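*Asks:* Fold the following for me, if possible:
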Amino acid sequence: MFFVLALYSANIAEVSPAEIVIPLVAAIGFALVVLLLALLLIGLIRKLQKPSDSSQPYQLWDLNKAAIISSIFLVLFFTFGHALVAIGGWNELFRDMGAPLYWFVLSVLWVALLTIGAYFTVKTSRDLSKLTVVLSTVAFILVIIPIINIVIHDIKTASQSTELSDNGSIHTVDLVKPDILPDIYYIIFDRYSSARTLEEVYDFDNSEFLNYLSDKGFYVANESRANYKDSPKSIASSLNMNIIHEETAEKWLGRHTPKELITDNNAMHLLKSLGYEYIHFGSWWEPTRKNEFADMNVNYWAMPEFSWVLFQTTWCYPFSVEMNIIDNFSEVQYKRVLYKFDKLAEIPQREGPTYVFAHMLIPHPPFIFDAEGNYLSQEAANEGNQVTLRRNQLITTNTMIRNLVDEILSSSE
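*Replies:* Numbering: from 1, shown residues only. Got it, this is the predicted structure:
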């Protein structure tokens, strides 16, 4: 429980309580299975070592030893990812090994620690009930700490009376349904910098692409600046057609997670009331991963972000990646971007008016494309120059946007 609650506590402003239910149940179930297996292992060992004189008192099962062994395993299991990041971050020798090799080295160390701990636990003839009580007390304290933080946060936010309407005024609009309802595309290309920033910071002239957009009828705000410094406030403000004043923004976001503000938004409700079908193109970021109000959700590998982050901390994640059981995060994002572009190009074929919201986390990191649109491995991205990586990903982003715009315009009535 601790590892799930600790992760939730550290990200409580961004994660709703409902998102931790399945990971919490899964973690508890996994812990019980590990405890049962440890109990069976001890029973098997004792059965094989059973004294020949069966008249002597003999205990086959030992719950205390099973609890200690399972505790050692669970701690190692849920801290493997953290250790992998920490060691790779500060140890130059490990960094030079490359991810697969230092994953293997750390696994050997973890197996050695588990083996040593299990061996001495099984072999000892001492009464371990007191040690079990101590470990249970420590575990209880570790669980209580994030729970206290969660309760304090909930009490604090519940006492705030600031609502969305406090941050600006939302006027009731008498909507008049036009004779023709055109398809609407609201596509966010996250971290797409202004022309001046690209020129000054990345030595990249983006005028050709901007001129292309102008020629296609787009309005290009050359001197625009971001209203907010982060995505939660920016997207929530746009979708709710409302200004979030900085002095009350933190209270506002304190009462509602970004996902709630972005999911249940005014723009979507207004357009659906006019007869639009709402198609939501999700990202890996939880607030825009999916929308329960959408008529259709489009995403690739739509695992909840909280579950994905928790999974990355476990021993299973690097093993699954190295064994090609699953894709790593960069590979998933690469496939997600291509999948969403392909599905966006199909929208004009749908009957009836369609409202599309698509959060495209590109040219946002991770850097997954080279300048030709090929997949850039995580290892290559880690070794590359940040300016070059961002510039190359932007070039590919521009190419994909142009292809999408041409396809939509040529296929639309």
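*Asks:* quick one, strands of the chain?
*Replies:* Ranges of strands within the chain are 184-189, 277-281, 296-298, 354-360, based on DSSP state E.
*Asks:* Outside of the last one itself, list whatever touches it.
*Replies:* Looking back up the chat, that one is strand 354-360. Applying CB atoms under 8 Å, 6 or more residues apart in numbering, the set of residues contacting strand 354-360 from outside is 183-190, 235, 239, 268, 271-272, 276-283, 285, 288, 291, 337, 340, 344, 347. In short, each C-beta sits where N, CA and C put it, glycine included.
*Asks:* so how far is it from its chain's centroid?
*Replies:* 20 Å (CA atoms, centre = their mean, to the nearest Å).
*Asks:* Quick check: mean pLDDT of that strand?
*Replies:* Mean per-residue pLDDT for strand 354-360: 97.
*Asks:* Mind listing the strands it pairs with, and their directions?
*Replies:* Partners of strand 354-360 in the sheet, by DSSP bridges, are strand 184-189 (parallel), strand 277-281 (parallel).
*Asks:* among these, which is nearest L35?
*Replies:* Taking CB to CB as the criterion, strand 277-281 is the member of the strands paired with strand 354-360 that comes nearest to L35, at 41.0 Å.
*Asks:* and that closest one, average pLDDT?
*Replies:* With pLDDT averaged residue by residue, strand 277-281 scores 98.
*Asks:* buried set for it?
*Replies:* 277-281 (16 or more other CB atoms under 10 Å).
*Asks:* between the strands of the chain, which one is nearest to V15?
*Replies:* Counting by CB to CB, V15 lies closest to strand 354-360 out of those; the figure is 17.5 Å.
*Asks:* Against A118, how distant is P363?
*Replies:* Here the distance between P363 and A118 works out to 48 Å (CB to CB, to the nearest Å).
*Asks:* what do you get for D342?
*Replies:* Distance check for D342 against A118: by CB to CB, it reads 50 Å.
*Asks:* more neighbours, these two?
*Replies:* A118 (20 against 13; other CB atoms under 10 Å).
*Asks:* is it true that that one touches S71?
*Replies:* No: using CB atoms under 8 Å as the test, A118 is too far from S71 to be in contact (10.9 Å).
*Asks:* mind listing the helices for the stretch 251-400 of the chain?
*Replies:* Counting by DSSP state H, counting those that start in this stretch, the stretch 251-400 of the chain forms helices over residues 258-263, 266-273, 286-289, 305-312, 316-322, 329-344, 378-383, 386-411, given from the N-terminal end onward.
*Asks:* Lowest average pLDDT across those?
*Replies:* Here the lowest mean pLDDT among the helices of the stretch 251-400 of the chain goes to helix 258-263, at a mean of 81.
*Asks:* Check what pLDDT L113 gets.
*Replies:* 94.
*Asks:* Which pLDDT does the model give D53?
*Replies:* 56.
*Asks:* separation between W285 and H359?
*Replies:* The spacing between W285 and H359, counted by CB to CB, is 7 Å.
*Asks:* Nearest to R390, out of the strands of the chain?
*Replies:* Taking CB to CB, strand 184-189 is the member of the strands of the chain nearest to R390, at 12.9 Å.
*Asks:* Residues contacting that closest one, please?
*Replies:* For strand 184-189, the surrounding residues in contact (CB under 8 Å, 6+ apart) are 235, 267, 271, 276, 281, 344, 347, 353-360, 362-363, 397, 401, 408.
*Asks:* So, low pLDDT: which residues of the protein?
*Replies:* Across the chain, the stretches falling below the confidence threshold (pLDDT under 70) are 50-60, 88-101, 157-174, 245-258.
*Asks:* So it: which segments form each domain?
*Replies:* 2-158, 164-411 (automatic domain parsing).
*Asks:* Mean neighbour count, these: which tops it?
*Replies:* Between the domains of the chain, domain 164-411 has the highest mean count of neighbours, a mean of 16, where neighbours are mean count of other CB atoms under 10 Å.
*Asks:* how far does that one sit from the chain's center?
*Replies:* Between the mean C-alpha location of domain 164-411 and the chain-wide mean there is a distance of 15 Å, by CA atoms, centre = their mean.
*Asks:* Fine by me, we can end here.
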